[in-house]
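Participant: what would the 3D arrangement of this be:
(one chain, ligands or ions: 2)
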Amino acid sequence: MSTEEIKQQVLSRISTFPTIPVMVSKLMGLLDEKDTSFSRIADVIKYDPALTANVLKAANSSYMGFTRKVNSLTEASIRLGTKWIFKIAVSSLIGSQLKRPVAGYDLTAEQLWKHSMATALTTEHLCNIVKVPDKWLIFTAALIHDMGKILMGDLISDSFEKVQNFADSDHISFQEAEKRLFGMNHAEIGALVAEKWDFPEEIVRCIRWHHEPEGADEITQSIDVVHIADALCLMQGYGNGREELRYHPNEGSISRLKITSSDLELVSTRVLSSLEELENMLEEEKNAEENMGPDNKPVGRW
Ligand SMILES: [Fe+2]
Ligand SMILES: [Fe+2]
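Facilitator: Ligands and ions are numbered 1, 2, ... in the order given. From the prediction side, this is the model:
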């Protein structure tokens, strides 16, 4: 297959790729508003039974340390706070799209998902240190930054060794090898998916440039944060396959954000516990039906 044919195949697959629930954009919009009330967040979530069940499950998880069970979304929102509601909502909405094995990258479903969650949580800690606004937008961008691997993975499933060997022999990165062999790399494909989902332009840019922030016409803080978070997670071995083991954060990104090595160490330590927390909250309960009533409807009341 020629490079052009592969590119055309990718583009046609994007048009059939599942759509992301509009709820993600709605939640991002709500969190940008200063006076968002818990009930407004609950108003958005309540239309999705599975998501409602996940939020109730998280609010009642042993991690929260409450003995009294909550049964309504409003109570759960008050208990969890906007920060956790957003993380749980977006992670469970996007998780259903990302939790799948990616043969072409030698990634299990668990590895891609863990890498995505770890990268998103790393951006949150980085944003707190460098005081970057738009942290929910950045969190979402980080969560889906490698989405292009799902599409690309199908195409390169039997060419993985070829890409790896090409990268090794030419001393280029895996994503550069992808581009030379297939005409596009997974970052470009991911950006096209985010465009298809009508995500904000800044999210599209963060995904497009997550491996090469200096390729962007305008290098924004969001792009640098997502790039550094991704690199840190790859270096720490959070769910990476074999393609990016030699990856390091771009020096320019570190100096533009004025991040010190002790900041990076601090972030790395914090991410480990945040990841455990989020995983525990999202973990399937043995008795998942506990929060669901007849007809698979949540039992939350308003
Ligand atoms: Fe990537
Ligand atoms: Fe990544």
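Participant: what does the stretch 101-250 of the chain have sitting close to ligand 2?
Facilitator: When proximity is defined by C-beta under 5 Å from the ion, the stretch 101-250 of the chain lies next to ligand 2 at 146, 230. (Each C-beta comes from the backbone N, C-alpha and C, glycine too.)
Participant: secondary structure class for the residue of the stretch 1-150 of the chain found nearest ligand 2?
Facilitator: Nearest residue of the stretch 1-150 of the chain to ligand 2, counting by C-beta to the ion: Asp146, 4.3 Å away. At Asp146 the chain is in coil, as set by DSSP: H, G, I helix; E, B strand; the rest coil.
Participant: burial count for it?
Facilitator: Applying other C-beta atoms under 10 Å, we find 28 residues neighbouring Asp146.
Participant: go on, Val22?
Facilitator: 12.
Participant: what sits against Ile78?
Facilitator: Phe38 (C-beta atoms under 8 Å, 6 or more residues apart in numbering).
Participant: what sits against the residue of the stretch 151-300 of the chain found nearest ligand 2?
Facilitator: Residue of the stretch 151-300 of the chain nearest ligand 2, by C-beta to the ion: Asp230 (4.2 Å). By C-beta under 8 Å, 6+ apart, the residues touching Asp230 are 119, 142, 145-146, 210-211.
Participant: now it: how far from Ile138?
Facilitator: 12 Å (C-beta to C-beta, to the nearest Å).
Participant: ok, back up a step: pLDDT and distance to Glu75 added to the contacts of Asp230, as JSON lines?
Facilitator: Below are the contacts of Asp230 laid out as JSON lines (pLDDT from 0 to 100; distance: C-beta to C-beta, whole Å):
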{"residue": "Thr119", "pLDDT": "95", "distance to Glu75": "31"}
{"residue": "Ala142", "pLDDT": "94", "distance to Glu75": "29"}
{"residue": "His145", "pLDDT": "94", "distance to Glu75": "34"}
{"residue": "Asp146", "pLDDT": "92", "distance to Glu75": "35"}
{"residue": "His210", "pLDDT": "97", "distance to Glu75": "38"}
{"residue": "His211", "pLDDT": "94", "distance to Glu75": "43"}
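Participant: residue nearest the centroid of this structure?
Facilitator: Leu143 (0.7 Å; C-alpha atoms, centre = their mean).
Participant: so that one sits right up against Leu93, yeah?
Facilitator: No. Contact criterion C-beta atoms under 8 Å: Leu143 and Leu93 do not qualify, at 9.5 Å.
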